[in-house]
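In: Give me a model of this one.
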Amino acid sequence: MKNRLIGEVLGFIQPRPSLLVGLILSLLILLICLVVSIGYGAADISASTIYAALTAFDGSADHLIIRTIRLPRSLIAILVGAAMAIAGAIMQGITRNPLADPGILGINAGAAMAVVIAVFAFGTTDPSFYAWYAFLGAGAAAIAVYFLGSLGRGGLTPLNLTIAGAAISTFLSSVTTGILIFSQRTLDEIRFWMAGSIAGRDFTIVWQVLPYITLGLILAFALGKQITTLNLGEDVAKGLGQRTAWVKIAAAFSVILLAGSAVAAAGPIGFIGLVVPHVVRLLVGVDYRWIMPYSAVFGAILLLTADIGARLLIKPQELPVGVMTAFVGAPLFVYLARFKVKK
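Out: A predicted model of the protein is given here:
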């Protein structure tokens, strides 16, 4: 198995055409999910009306709903789902920890706490400023988890990293909860955002987070071969000429961009970064040159599907989409913690 992986890393084995076909089929499924997401909600809209709204806008109520509410909301779901899934894939690849995820390792909690502190201390209510605070909080949380995990017996093992992430995440969430209890104004302004929600997002939010997510995705795709090599072990990667320290720094920067942008746009939605990479690896193997694009598409599909369910489950009311993703992610987390984590 290791010899085959080394061959793939060095480019001696050509990518399987079936993986490209599978990726194209996944994109078609994503397109179908996008149409369903735009069409279904408190008011159902036909596919022909959706097409007309996008090609011949006439200012009618249905066209306005599609252009100003449904379409930007669906695009945010695609961006956030892709960003969270790839951030999780990178973290699992770099740390070789099957439980690595921006939510479980405290990065989402750090980003959320920074945004809450900004709203509480400075009265910041413009979502355009959330990203900068989210980046700062995500970066600080990542450093804290890495440092704390390194102090455990045996160094930075997957178990130590997971425990450190759980501890940091619990602490940051407690601080966040304390601020929200103390300040009713802050709670009123962002309580739905805190549960993880893409409701009410418009194109302003799309354009604000798009540059950061795009940069994070480009960097992640560029690191695919390097992360695959690093999965062979740090000694093997160095033997193949890789500068592992720089790869880890670039990967961490990509994760901060992706997770910070996603939290700024939609709040701390959990488990996407945990679930999607595991599903993708079952389909495409261990080559991150394929894991990255598949994770992006599957993450977008998962969050779009979760958002559709959140709207239809208790229609005409709706649940925060973070609740729906937890229904899928929590059982998988228990399974992975029980059977996959090794000391």
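In: how about the helices in the stretch 101-250 of the chain?
Out: 107-122, 130-150, 158-182, 184-194, 203-222, 224-230, 234-239, 244-266 (DSSP state H, counting those that start in this stretch).
In: Tell me which of those helices lies nearest to residue 81.
Out: Closest to residue 81 of those, according to CB to CB: helix 244-266, at 8.4 Å. All C-beta spots, glycine's among them, are computed from the backbone N, C-alpha and C.
In: Which strands and helices lie in contact with the next helix or strand after the closest one?
Out: Next in sequence after helix 244-266, counting helices and strands by DSSP states H and E, comes helix 272-284. In terms of contacts (3 or more CB pairs under 8 Å, 6 or more residues apart in numbering; DSSP states H and E), helix 272-284 is packed against helix 17-39, helix 71-95, helix 288-312, helix 321-339.
In: Can I get the ones you listed in JSON lines including distance to residue 151?
Out: Below are the helices and strands packed on helix 272-284 laid out as JSON lines (distance: least, CB to CB, whole Å):
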{"stretch": "helix 17-39", "distance to residue 151": "40"}
{"stretch": "helix 71-95", "distance to residue 151": "16"}
{"stretch": "helix 288-312", "distance to residue 151": "29"}
{"stretch": "helix 321-339", "distance to residue 151": "21"}
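In: sec struct for residue 45, please.
Out: coil (DSSP: H, G, I helix; E, B strand; the rest coil).
In: how far away is it from residue 320?
Out: Plainly put, residue 45 is 23 Å away from residue 320 if you go by CB to CB, to the nearest Å.
In: before we move on, what about residue 184?
Out: 20 Å.
In: who has more neighbours, the two?
Out: A direct count of neighbours by other CB atoms under 10 Å for residue 184 and residue 320 places residue 320 higher, at 23 against 10.
In: roughly how far apart are the more buried one and residue 133?
Out: For residue 320 relative to residue 133 (CB to CB), the value is 21 Å.
In: now swap in residue 43 and tell me
Out: Residue 43 sits 35 Å away from residue 133, going by CB to CB.
In: Those two: who's more crowded?
Out: With neighbours defined as other CB under 10 Å, residue 43 and residue 133 compare such that residue 133 has more, 23 against 11.
In: Could you single out the most deeply buried of the helices and strands packed on helix 272-284?
Out: Among the helices and strands packed on helix 272-284, helix 71-95 has the highest mean neighbour count (mean count of other CB atoms under 10 Å), at a mean of 28.
In: which non-adjacent residue is nearest residue 298?
Out: residue 276 (4.9 Å; CB to CB, 6 or more residues apart in numbering).
In: My read is that the one you found contacts residue 300, right?
Out: No. Using CB atoms under 8 Å, residue 276 is not in contact with residue 300; the gap is 9.5 Å.
In: How many neighbouring residues does the residue nearest to residue 322 when sequence neighbours are not counted have?
Out: Distance criterion CB to CB, 6+ apart; nearest residue to residue 322, sequence neighbours excluded, is residue 196 at 2.2 Å. Number of residues near residue 196 (other CB under 10 Å) recorded here: 30.
In: show me what contacts residue 196?
Out: 266, 267, 268, 269, 270, 320, 321, 322, 323, 325 (CB atoms under 8 Å, 6 or more residues apart in numbering).
In: Out of the helices and strands packed on helix 272-284, flag the one nearest residue 244.
Out: Closest to residue 244 of the helices and strands packed on helix 272-284 is helix 71-95 (CB to CB; 9.6 Å).
In: Check the spacing between residue 130 and residue 193 real quick.
Out: 9 Å.
In: Compare those two (neighbour count), which wins?
Out: Neighbours per residue (other CB under 10 Å) separate residue 130 from residue 193, with residue 130 holding more: 28 against 25.
In: Would you enumerate the residues in contact with that one?
Out: Residues near residue 130 by CB under 8 Å, 6+ apart: 115, 118, 124, 263, 264, 265.
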